[in-house]
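Trainee: Just the structure for this:
(2 chains)
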Amino acid sequence: MDALDYAALGSFLVLALAWVVLPIRTPATVTPAETIEPVAVAA
Amino acid sequence: MKIDTGDTSWLLISAALVMLMTPALGFFYGGLVGRKNVLSTLTHSFFILCLISVQWVLWGYSLAFSPDTGAGLIGGLGWVALKGVGFDPNPDYAATVPHQAFMAFQMMFAVITPALITGSFAERVSFKAYVIFSLAWATLVYDPIAHWVWGTGGWLHTLGALDFAGGTVVHISSGVSALVAAILIGRRLKTSEPHDATMTILGASLLWFGWFGFNAGSALASGGLATSAFVVTNTATAMAGLTWITVSWLHKGRPSVLGMAAGAVAGLVAITPASGFVDVSGSIIIGLGAGSICYLAMQLRPRLKVDDALDVWAVHGIGGTWGALATGIFATVAINSTGANGLLFGNPEQLLKQVVAVGATWIYAAVATFAIVKVIDLTIGMRVKESDESLGLDRSQHGEIAYQLD
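Mentor: This is a model prediction of the structure:
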(Lines give C-alpha, C1' and ligand atoms only; values in the text may rest on other atoms or scores of the structure.)
Protein backbone atom coordinates (compact mmCIF):
# COMPACT_ATOMS: atom_id res chain seq x y z
CA MET A 1 0.00 0.00 0.00
CA ASP A 2 1.23 3.49 -0.80
CA ALA A 3 0.36 6.85 0.73
CA LEU A 4 -2.69 7.35 -1.51
CA ASP A 5 -4.12 3.99 -0.43
CA TYR A 6 -3.66 4.90 3.23
CA ALA A 7 -5.35 8.26 2.62
CA ALA A 8 -8.31 6.54 0.97
CA LEU A 9 -8.65 3.99 3.75
CA GLY A 10 -8.26 6.66 6.42
CA SER A 11 -10.90 8.94 4.93
CA PHE A 12 -13.45 6.12 4.81
CA LEU A 13 -12.71 5.14 8.40
CA VAL A 14 -13.13 8.75 9.55
CA LEU A 15 -16.59 8.82 7.96
CA ALA A 16 -17.44 5.50 9.62
CA LEU A 17 -16.37 6.91 12.98
CA ALA A 18 -18.60 9.93 12.42
CA TRP A 19 -21.64 7.68 11.83
CA VAL A 20 -20.97 6.07 15.18
CA VAL A 21 -20.49 9.21 17.24
CA LEU A 22 -22.74 11.82 15.61
CA PRO A 23 -26.11 12.22 17.37
CA ILE A 24 -29.29 12.74 15.34
CA ARG A 25 -31.28 15.81 16.38
CA THR A 26 -34.77 14.33 16.50
CA PRO A 27 -37.85 16.56 16.88
CA ALA A 28 -37.76 15.79 20.58
CA THR A 29 -34.32 17.37 20.88
CA VAL A 30 -34.85 20.56 18.88
CA THR A 31 -36.41 23.79 20.05
CA PRO A 32 -40.12 24.37 19.30
CA ALA A 33 -39.22 27.00 16.69
CA GLU A 34 -37.34 24.39 14.66
CA THR A 35 -40.05 21.75 14.84
CA ILE A 36 -41.71 20.94 11.54
CA GLU A 37 -45.44 21.59 11.79
CA PRO A 38 -47.69 18.87 10.35
CA VAL A 39 -49.19 19.90 7.02
CA ALA A 40 -52.95 20.45 7.17
CA VAL A 41 -54.73 18.04 4.85
CA ALA A 42 -58.01 19.15 3.32
CA ALA A 43 -60.94 16.93 4.22
CA MET B 1 -10.08 -0.67 -40.93
CA LYS B 2 -11.86 -3.51 -39.19
CA ILE B 3 -14.93 -2.86 -37.05
CA ASP B 4 -14.94 -4.60 -33.66
CA THR B 5 -18.45 -5.78 -32.90
CA GLY B 6 -17.85 -5.89 -29.14
CA ASP B 7 -16.61 -2.30 -29.07
CA THR B 8 -19.48 -1.16 -31.29
CA SER B 9 -22.06 -2.87 -29.10
CA TRP B 10 -20.63 -1.29 -25.96
CA LEU B 11 -20.54 2.18 -27.50
CA LEU B 12 -24.13 2.00 -28.76
CA ILE B 13 -25.34 0.69 -25.41
CA SER B 14 -23.38 3.48 -23.71
CA ALA B 15 -25.01 6.05 -25.97
CA ALA B 16 -28.41 4.70 -24.91
CA LEU B 17 -27.37 4.85 -21.24
CA VAL B 18 -26.30 8.48 -21.62
CA MET B 19 -29.54 9.28 -23.44
CA LEU B 20 -31.47 8.14 -20.35
CA MET B 21 -29.57 10.64 -18.23
CA THR B 22 -31.35 13.66 -19.71
CA PRO B 23 -34.90 12.63 -18.75
CA ALA B 24 -33.39 11.38 -15.46
CA LEU B 25 -32.06 14.89 -14.92
CA GLY B 26 -35.58 16.14 -15.56
CA PHE B 27 -36.85 13.96 -12.72
CA PHE B 28 -33.95 14.96 -10.46
CA TYR B 29 -34.75 18.64 -11.04
CA GLY B 30 -38.51 18.08 -11.23
CA GLY B 31 -38.70 16.81 -7.67
CA LEU B 32 -36.82 19.84 -6.38
CA VAL B 33 -39.19 22.49 -7.76
CA GLY B 34 -42.66 23.47 -6.58
CA ARG B 35 -45.77 21.60 -7.67
CA LYS B 36 -46.81 24.23 -10.22
CA ASN B 37 -43.50 24.06 -12.15
CA VAL B 38 -42.97 20.30 -12.48
CA LEU B 39 -43.98 19.88 -16.11
CA SER B 40 -42.00 22.90 -17.26
CA THR B 41 -38.92 21.56 -15.49
CA LEU B 42 -39.34 18.08 -17.01
CA THR B 43 -39.87 19.72 -20.39
CA HIS B 44 -36.63 21.68 -20.06
CA SER B 45 -34.80 18.35 -20.23
CA PHE B 46 -37.06 16.44 -22.62
CA PHE B 47 -37.31 19.24 -25.16
CA ILE B 48 -33.53 19.59 -25.25
CA LEU B 49 -33.27 15.86 -26.01
CA CYS B 50 -35.31 16.54 -29.15
CA LEU B 51 -33.73 19.91 -29.97
CA ILE B 52 -30.05 19.04 -29.73
CA SER B 53 -30.51 15.60 -31.32
CA VAL B 54 -31.40 17.45 -34.52
CA GLN B 55 -28.91 20.32 -34.05
CA TRP B 56 -26.09 17.82 -33.54
CA VAL B 57 -26.59 15.86 -36.76
CA LEU B 58 -27.18 19.05 -38.77
CA TRP B 59 -24.20 21.15 -37.65
CA GLY B 60 -23.18 20.55 -34.02
CA TYR B 61 -21.08 17.45 -34.64
CA SER B 62 -19.34 19.12 -37.55
CA LEU B 63 -18.41 22.21 -35.51
CA ALA B 64 -17.12 20.07 -32.64
CA PHE B 65 -15.36 17.19 -34.37
CA SER B 66 -14.70 17.85 -38.06
CA PRO B 67 -11.14 18.83 -39.02
CA ASP B 68 -9.91 21.99 -37.33
CA THR B 69 -10.26 25.26 -39.22
CA GLY B 70 -6.75 26.33 -38.28
CA ALA B 71 -6.54 27.93 -34.85
CA GLY B 72 -7.62 25.02 -32.69
CA LEU B 73 -10.87 26.82 -31.82
CA ILE B 74 -13.60 25.27 -33.98
CA GLY B 75 -14.20 22.55 -36.53
CA GLY B 76 -15.46 23.26 -40.02
CA LEU B 77 -18.74 22.68 -41.82
CA GLY B 78 -17.53 19.73 -43.87
CA TRP B 79 -19.58 17.24 -41.86
CA VAL B 80 -22.87 19.20 -41.87
CA ALA B 81 -25.84 16.81 -42.01
CA LEU B 82 -23.34 14.00 -41.40
CA LYS B 83 -21.82 14.23 -44.89
CA GLY B 84 -18.71 12.10 -44.70
CA VAL B 85 -19.71 10.60 -41.33
CA GLY B 86 -20.37 7.02 -42.36
CA PHE B 87 -19.91 3.48 -41.14
CA ASP B 88 -16.15 3.18 -41.55
CA PRO B 89 -14.20 3.97 -38.37
CA ASN B 90 -12.50 7.33 -38.00
CA PRO B 91 -9.10 6.51 -36.49
CA ASP B 92 -8.73 10.04 -35.08
CA TYR B 93 -11.54 9.29 -32.63
CA ALA B 94 -12.38 5.58 -32.38
CA ALA B 95 -10.53 3.13 -34.57
CA THR B 96 -12.74 0.08 -34.04
CA VAL B 97 -16.31 1.38 -34.29
CA PRO B 98 -18.34 2.98 -37.09
CA HIS B 99 -17.80 6.73 -37.20
CA GLN B 100 -21.56 7.23 -36.83
CA ALA B 101 -21.57 5.24 -33.58
CA PHE B 102 -18.99 7.66 -32.16
CA MET B 103 -21.11 10.57 -33.40
CA ALA B 104 -24.23 9.14 -31.71
CA PHE B 105 -22.37 8.66 -28.42
CA GLN B 106 -21.12 12.24 -28.51
CA MET B 107 -24.62 13.46 -29.38
CA MET B 108 -25.89 12.40 -25.98
CA PHE B 109 -23.22 14.48 -24.25
CA ALA B 110 -24.23 17.49 -26.33
CA VAL B 111 -27.85 16.88 -25.32
CA ILE B 112 -27.42 16.71 -21.56
CA THR B 113 -25.04 19.66 -21.19
CA PRO B 114 -27.47 22.53 -21.90
CA ALA B 115 -30.14 20.61 -19.95
CA LEU B 116 -27.93 20.85 -16.85
CA ILE B 117 -28.06 24.66 -17.03
CA THR B 118 -31.86 24.75 -16.88
CA GLY B 119 -31.80 24.00 -13.15
CA SER B 120 -30.39 27.45 -12.46
CA PHE B 121 -33.28 29.38 -14.03
CA ALA B 122 -36.11 27.01 -13.15
CA GLU B 123 -39.54 28.42 -12.28
CA ARG B 124 -39.18 31.80 -14.01
CA VAL B 125 -37.92 31.59 -17.61
CA SER B 126 -40.21 31.77 -20.63
CA PHE B 127 -40.33 28.67 -22.79
CA LYS B 128 -39.51 30.66 -25.91
CA ALA B 129 -36.41 32.25 -24.34
CA TYR B 130 -35.27 28.86 -23.03
CA VAL B 131 -35.51 27.32 -26.52
CA ILE B 132 -33.49 30.09 -28.16
CA PHE B 133 -30.96 30.11 -25.32
CA SER B 134 -30.45 26.34 -25.51
CA LEU B 135 -29.90 26.32 -29.27
CA ALA B 136 -27.55 29.30 -29.17
CA TRP B 137 -25.63 27.97 -26.19
CA ALA B 138 -25.16 24.51 -27.72
CA THR B 139 -23.82 26.08 -30.91
CA LEU B 140 -21.72 28.91 -29.49
CA VAL B 141 -20.47 27.43 -26.22
CA TYR B 142 -20.69 23.62 -26.17
CA ASP B 143 -19.55 22.90 -29.72
CA PRO B 144 -16.41 25.09 -29.55
CA ILE B 145 -15.35 23.82 -26.11
CA ALA B 146 -15.90 20.21 -27.20
CA HIS B 147 -13.64 20.96 -30.15
CA TRP B 148 -10.94 22.52 -27.95
CA VAL B 149 -10.78 19.49 -25.67
CA TRP B 150 -11.71 16.49 -27.82
CA GLY B 151 -11.52 17.57 -31.46
CA THR B 152 -8.51 16.70 -33.55
CA GLY B 153 -6.42 19.88 -33.59
CA GLY B 154 -8.33 21.45 -30.66
CA TRP B 155 -5.96 23.68 -28.71
CA LEU B 156 -6.50 22.10 -25.28
CA HIS B 157 -6.24 18.65 -26.87
CA THR B 158 -2.91 19.68 -28.41
CA LEU B 159 -1.78 21.19 -25.10
CA GLY B 160 -2.28 17.79 -23.43
CA ALA B 161 -5.06 18.67 -20.97
CA LEU B 162 -6.84 15.51 -19.78
CA ASP B 163 -10.62 15.24 -19.77
CA PHE B 164 -11.77 11.65 -20.12
CA ALA B 165 -15.54 12.17 -20.20
CA GLY B 166 -16.34 15.86 -19.90
CA GLY B 167 -15.31 17.61 -16.68
CA THR B 168 -14.51 20.78 -18.59
CA VAL B 169 -16.64 20.24 -21.71
CA VAL B 170 -19.83 19.24 -19.90
CA HIS B 171 -19.70 20.22 -16.24
CA ILE B 172 -17.60 23.36 -15.92
CA SER B 173 -19.15 24.84 -19.05
CA SER B 174 -22.71 24.22 -17.83
CA GLY B 175 -22.03 25.03 -14.18
CA VAL B 176 -20.39 28.38 -14.88
CA SER B 177 -23.02 29.26 -17.47
CA ALA B 178 -25.71 28.41 -14.92
CA LEU B 179 -24.22 30.89 -12.46
CA VAL B 180 -24.04 33.67 -15.05
CA ALA B 181 -27.59 32.98 -16.24
CA ALA B 182 -28.93 32.99 -12.67
CA ILE B 183 -27.25 36.33 -11.92
CA LEU B 184 -28.55 37.98 -15.10
CA ILE B 185 -32.08 36.58 -14.94
CA GLY B 186 -32.54 37.43 -11.27
CA ARG B 187 -34.25 35.83 -8.34
CA ARG B 188 -37.61 34.09 -8.36
CA LEU B 189 -40.53 36.02 -6.88
CA LYS B 190 -40.83 33.25 -4.31
CA THR B 191 -38.57 30.26 -3.75
CA SER B 192 -40.14 26.78 -3.50
CA GLU B 193 -39.55 23.77 -1.34
CA PRO B 194 -38.87 20.45 -3.13
CA HIS B 195 -42.34 19.12 -3.94
CA ASP B 196 -41.35 15.44 -4.35
CA ALA B 197 -38.11 14.17 -2.86
CA THR B 198 -38.85 10.64 -4.09
CA MET B 199 -38.81 11.90 -7.68
CA THR B 200 -35.40 13.46 -7.05
CA ILE B 201 -33.98 10.24 -5.58
CA LEU B 202 -35.31 8.31 -8.57
CA GLY B 203 -33.71 10.84 -10.91
CA ALA B 204 -30.37 10.61 -9.09
CA SER B 205 -30.50 6.81 -9.26
CA LEU B 206 -31.13 6.86 -13.01
CA LEU B 207 -28.37 9.42 -13.46
CA TRP B 208 -25.97 7.11 -11.64
CA PHE B 209 -27.04 4.21 -13.89
CA GLY B 210 -26.66 6.25 -17.06
CA TRP B 211 -23.30 7.62 -15.96
CA PHE B 212 -21.72 4.20 -16.48
CA GLY B 213 -22.28 4.83 -20.18
CA PHE B 214 -20.97 8.37 -19.84
CA ASN B 215 -17.65 7.40 -18.25
CA ALA B 216 -17.00 3.74 -19.07
CA GLY B 217 -18.35 4.35 -22.57
CA SER B 218 -15.75 7.09 -23.02
CA ALA B 219 -13.13 4.36 -23.28
CA LEU B 220 -14.69 3.92 -26.76
CA ALA B 221 -13.96 0.21 -26.52
CA SER B 222 -15.01 -2.67 -24.32
CA GLY B 223 -12.08 -3.84 -22.25
CA GLY B 224 -9.84 -3.04 -19.31
CA LEU B 225 -10.02 0.75 -19.49
CA ALA B 226 -13.83 0.72 -19.66
CA THR B 227 -13.87 -1.61 -16.65
CA SER B 228 -11.55 0.66 -14.67
CA ALA B 229 -13.66 3.70 -15.52
CA PHE B 230 -16.80 1.82 -14.41
CA VAL B 231 -15.25 0.86 -11.06
CA VAL B 232 -13.82 4.28 -10.18
CA THR B 233 -17.07 5.98 -11.25
CA ASN B 234 -19.08 3.84 -8.86
CA THR B 235 -16.53 4.23 -6.06
CA ALA B 236 -16.21 8.02 -6.26
CA THR B 237 -19.98 8.43 -6.47
CA ALA B 238 -20.55 6.26 -3.42
CA MET B 239 -17.84 8.06 -1.46
CA ALA B 240 -19.25 11.48 -2.38
CA GLY B 241 -22.75 10.43 -1.29
CA LEU B 242 -21.37 9.15 2.02
CA THR B 243 -19.33 12.31 2.53
CA TRP B 244 -22.16 14.74 1.76
CA ILE B 245 -24.62 13.02 4.07
CA THR B 246 -22.00 12.98 6.83
CA VAL B 247 -21.04 16.63 6.39
CA SER B 248 -24.70 17.66 6.36
CA TRP B 249 -25.26 15.57 9.48
CA LEU B 250 -22.35 17.30 11.19
CA HIS B 251 -23.53 20.73 10.04
CA LYS B 252 -27.31 20.50 10.48
CA GLY B 253 -27.71 17.71 13.00
CA ARG B 254 -29.46 15.22 10.67
CA PRO B 255 -28.34 13.09 7.73
CA SER B 256 -30.00 14.70 4.71
CA VAL B 257 -31.57 12.32 2.17
CA LEU B 258 -31.70 14.92 -0.61
CA GLY B 259 -28.14 15.81 0.36
CA MET B 260 -27.06 12.22 -0.20
CA ALA B 261 -28.54 12.34 -3.71
CA ALA B 262 -26.87 15.69 -4.44
CA GLY B 263 -23.60 14.31 -3.09
CA ALA B 264 -23.78 11.28 -5.35
CA VAL B 265 -24.32 13.54 -8.35
CA ALA B 266 -21.37 15.70 -7.24
CA GLY B 267 -19.25 12.55 -7.10
CA LEU B 268 -20.36 11.54 -10.60
CA VAL B 269 -19.44 14.99 -11.84
CA ALA B 270 -16.02 15.06 -10.18
CA ILE B 271 -14.91 11.62 -11.32
CA THR B 272 -15.97 12.31 -14.91
CA PRO B 273 -12.74 13.92 -16.19
CA ALA B 274 -10.59 11.55 -14.14
CA SER B 275 -12.43 8.30 -14.76
CA GLY B 276 -10.03 6.99 -17.40
CA PHE B 277 -6.86 8.04 -15.61
CA VAL B 278 -7.05 7.33 -11.86
CA ASP B 279 -7.04 4.22 -9.71
CA VAL B 280 -9.52 3.27 -7.00
CA SER B 281 -7.71 5.08 -4.16
CA GLY B 282 -7.57 8.24 -6.24
CA SER B 283 -11.30 7.93 -6.90
CA ILE B 284 -12.03 7.68 -3.16
CA ILE B 285 -10.19 10.95 -2.51
CA ILE B 286 -11.97 12.56 -5.47
CA GLY B 287 -15.32 11.44 -4.03
CA LEU B 288 -14.35 12.74 -0.58
CA GLY B 289 -13.45 16.10 -2.10
CA ALA B 290 -16.63 16.27 -4.18
CA GLY B 291 -18.89 15.55 -1.20
CA SER B 292 -17.26 18.18 1.00
CA ILE B 293 -16.23 20.94 -1.45
CA CYS B 294 -19.56 20.98 -3.31
CA TYR B 295 -21.44 20.99 0.00
CA LEU B 296 -19.47 24.06 1.07
CA ALA B 297 -20.09 25.70 -2.33
CA MET B 298 -23.81 25.13 -1.89
CA GLN B 299 -23.74 26.95 1.45
CA LEU B 300 -22.53 30.05 -0.41
CA ARG B 301 -25.77 30.40 -2.38
CA PRO B 302 -27.85 32.19 0.27
CA ARG B 303 -24.89 34.41 1.12
CA LEU B 304 -24.26 35.40 -2.50
CA LYS B 305 -27.96 36.20 -3.02
CA VAL B 306 -27.81 34.42 -6.38
CA ASP B 307 -30.88 32.33 -7.15
CA ASP B 308 -29.21 29.39 -8.88
CA ALA B 309 -32.43 27.54 -8.13
CA LEU B 310 -31.19 23.95 -8.15
CA ASP B 311 -27.50 24.55 -7.34
CA VAL B 312 -26.09 23.79 -10.77
CA TRP B 313 -22.97 25.89 -10.14
CA ALA B 314 -22.16 24.28 -6.79
CA VAL B 315 -22.53 20.72 -8.10
CA HIS B 316 -21.43 20.95 -11.74
CA GLY B 317 -19.25 24.07 -11.82
CA ILE B 318 -17.35 23.39 -8.61
CA GLY B 319 -17.54 19.58 -8.86
CA GLY B 320 -16.24 19.73 -12.43
CA THR B 321 -13.45 22.10 -11.43
CA TRP B 322 -12.39 19.85 -8.55
CA GLY B 323 -12.47 16.81 -10.82
CA ALA B 324 -10.45 18.47 -13.58
CA LEU B 325 -7.79 19.63 -11.12
CA ALA B 326 -7.79 16.28 -9.30
CA THR B 327 -7.10 14.60 -12.63
CA GLY B 328 -3.87 16.61 -12.75
CA ILE B 329 -3.02 15.33 -9.28
CA PHE B 330 -4.05 11.66 -9.28
CA ALA B 331 -3.71 10.57 -12.95
CA THR B 332 -1.38 7.66 -13.55
CA VAL B 333 -0.18 5.95 -16.70
CA ALA B 334 -0.50 2.67 -14.82
CA ILE B 335 -4.24 2.97 -15.56
CA ASN B 336 -4.08 4.55 -19.00
CA SER B 337 -0.83 4.54 -20.96
CA THR B 338 -2.21 7.09 -23.44
CA GLY B 339 -2.84 9.55 -20.60
CA ALA B 340 -0.21 11.12 -18.35
CA ASN B 341 1.02 11.04 -14.79
CA GLY B 342 -0.29 13.70 -12.43
CA LEU B 343 1.39 15.69 -9.67
CA LEU B 344 1.35 12.79 -7.24
CA PHE B 345 3.21 10.60 -9.71
CA GLY B 346 5.98 13.10 -10.44
CA ASN B 347 4.47 15.28 -13.16
CA PRO B 348 3.48 18.71 -11.78
CA GLU B 349 3.25 20.06 -15.36
CA GLN B 350 0.03 18.08 -15.85
CA LEU B 351 -1.66 20.00 -13.06
CA LEU B 352 -0.66 23.25 -14.77
CA LYS B 353 -2.25 22.06 -18.02
CA GLN B 354 -5.42 21.23 -16.10
CA VAL B 355 -5.44 24.73 -14.58
CA VAL B 356 -5.20 26.23 -18.08
CA ALA B 357 -8.11 24.07 -19.31
CA VAL B 358 -10.23 24.95 -16.28
CA GLY B 359 -9.47 28.68 -16.54
CA ALA B 360 -10.15 28.85 -20.28
CA THR B 361 -13.46 27.01 -19.90
CA TRP B 362 -14.60 29.22 -17.00
CA ILE B 363 -13.78 32.42 -18.87
CA TYR B 364 -15.20 31.45 -22.26
CA ALA B 365 -18.38 29.91 -20.85
CA ALA B 366 -19.01 32.96 -18.64
CA VAL B 367 -18.42 35.56 -21.36
CA ALA B 368 -20.35 33.73 -24.09
CA THR B 369 -23.29 32.95 -21.80
CA PHE B 370 -23.40 36.58 -20.66
CA ALA B 371 -23.66 37.69 -24.29
CA ILE B 372 -26.34 35.13 -25.20
CA VAL B 373 -28.55 35.88 -22.19
CA LYS B 374 -28.17 39.66 -22.66
CA VAL B 375 -29.16 39.51 -26.33
CA ILE B 376 -32.22 37.36 -25.62
CA ASP B 377 -33.23 39.51 -22.66
CA LEU B 378 -32.98 42.71 -24.70
CA THR B 379 -35.02 41.28 -27.55
CA ILE B 380 -37.74 38.88 -26.40
CA GLY B 381 -37.00 38.86 -22.64
CA MET B 382 -35.80 35.90 -20.59
CA ARG B 383 -38.46 35.91 -17.87
CA VAL B 384 -42.17 35.35 -17.89
CA LYS B 385 -44.51 38.07 -16.58
CA GLU B 386 -44.87 38.22 -12.80
CA SER B 387 -48.47 37.04 -13.00
CA ASP B 388 -47.37 34.03 -15.08
CA GLU B 389 -44.62 33.20 -12.62
CA SER B 390 -47.10 33.33 -9.75
CA LEU B 391 -49.49 31.10 -11.68
CA GLY B 392 -46.66 28.66 -12.35
CA LEU B 393 -44.96 27.81 -15.64
CA ASP B 394 -46.95 24.59 -16.10
CA ARG B 395 -50.19 26.52 -16.53
CA SER B 396 -48.82 29.75 -17.98
CA GLN B 397 -46.40 28.29 -20.53
CA HIS B 398 -47.90 24.89 -21.32
CA GLY B 399 -51.55 25.06 -20.28
CA GLU B 400 -51.22 21.79 -18.39
CA ILE B 401 -50.70 20.69 -14.80
CA ALA B 402 -48.72 17.81 -13.34
CA TYR B 403 -51.18 16.54 -10.75
CA GLN B 404 -54.99 16.35 -10.61
CA LEU B 405 -55.56 16.40 -6.88
CA ASP B 406 -59.34 16.82 -6.80
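
Trainee: And what about the residue of chain A found nearest chain B, helix, strand or coil?
Mentor: In chain A, the residue that lies nearest chain B is residue A:25 (3.4 Å; C-beta to the nearest C-beta). C-beta here means a position set from N, CA and C on the backbone, and glycine is covered the same way. Following DSSP: H, G, I helix; E, B strand; the rest coil, the label given to residue A:25 is coil.

Trainee: Skipping adjacent residues, who's closest to it in space?
Mentor: residue B:253 (3.4 Å; C-beta to C-beta, 6 or more residues apart in numbering or on different chains).

Trainee: residues touching residue B:192, list them.
Mentor: B:33, B:34, B:37, B:123 (C-beta atoms under 8 Å, 6 or more residues apart in numbering or on different chains).

Trainee: and the gap between the nearest residue to the second one once chain neighbours are set aside and chain A?
Mentor: This means residue B:34. Among residues not flanking residue B:34 along the chain, residue B:192 sits closest, at 3.1 Å (C-beta to C-beta, 6+ apart). Residue B:192 is 15 Å from chain A, where distance means C-beta to the nearest C-beta, to the nearest Å.

Trainee: My reading is that residue B:192 lies in a helix. Confirm?
Mentor: No: assessed with three-state DSSP, residue B:192 is coil; it does not lie in a helix.

Trainee: Read off the pLDDT value for it.
Mentor: The model reports residue B:192 with a pLDDT of 92.

Trainee: Alongside chain B, which residues does chain A contribute?
Mentor: Within reach of chain B by C-beta under 8 Å from any C-beta of the partner chain, chain A has these residues: A:2, A:4-5, A:7-8, A:11-12, A:15, A:18-19, A:22-25, A:30.

Trainee: all helices of chain A, in order?
Mentor: Remark: helices assigned in chain A by DSSP state H are A:3-21.

Trainee: where are the low-confidence patches of it?
Mentor: Low-confidence segments of chain A (pLDDT under 70): A:29-43.

Trainee: Can you name the residues that contact residue B:95?
Mentor: Residue B:95 is in contact with B:1, B:89, counting by C-beta under 8 Å, 6+ apart.

Trainee: How about chain B: which residue is closest to chain A?
Mentor: Counting by C-beta to the nearest C-beta, chain B gets nearest to chain A through residue B:253 (3.4 Å).

Trainee: I figured that residue was touching residue A:27, is that so?
Mentor: No: with contacts counted by C-beta atoms under 8 Å, residue B:253 stays clear of residue A:27, the gap being 11.2 Å.

Trainee: Neighbour count for the two, which is higher?
Mentor: Taking neighbours as other C-beta atoms under 10 Å in any protein chain shown, residue B:253 and residue A:27 compare with residue B:253 leading, 15 against 9.

Trainee: how much space between the more buried one and residue B:242?
Mentor: 18 Å (C-beta to C-beta, to the nearest Å).

Trainee: Next: residue B:287.
Mentor: 8 Å.

Trainee: More neighbours: which of those two?
Mentor: residue B:287 (33 against 23).

Trainee: my guess is that one meets residue B:270, correct?
Mentor: Yes: if you go by C-beta under 8 Å, residue B:287 and residue B:270 touch, sitting 7.0 Å apart.
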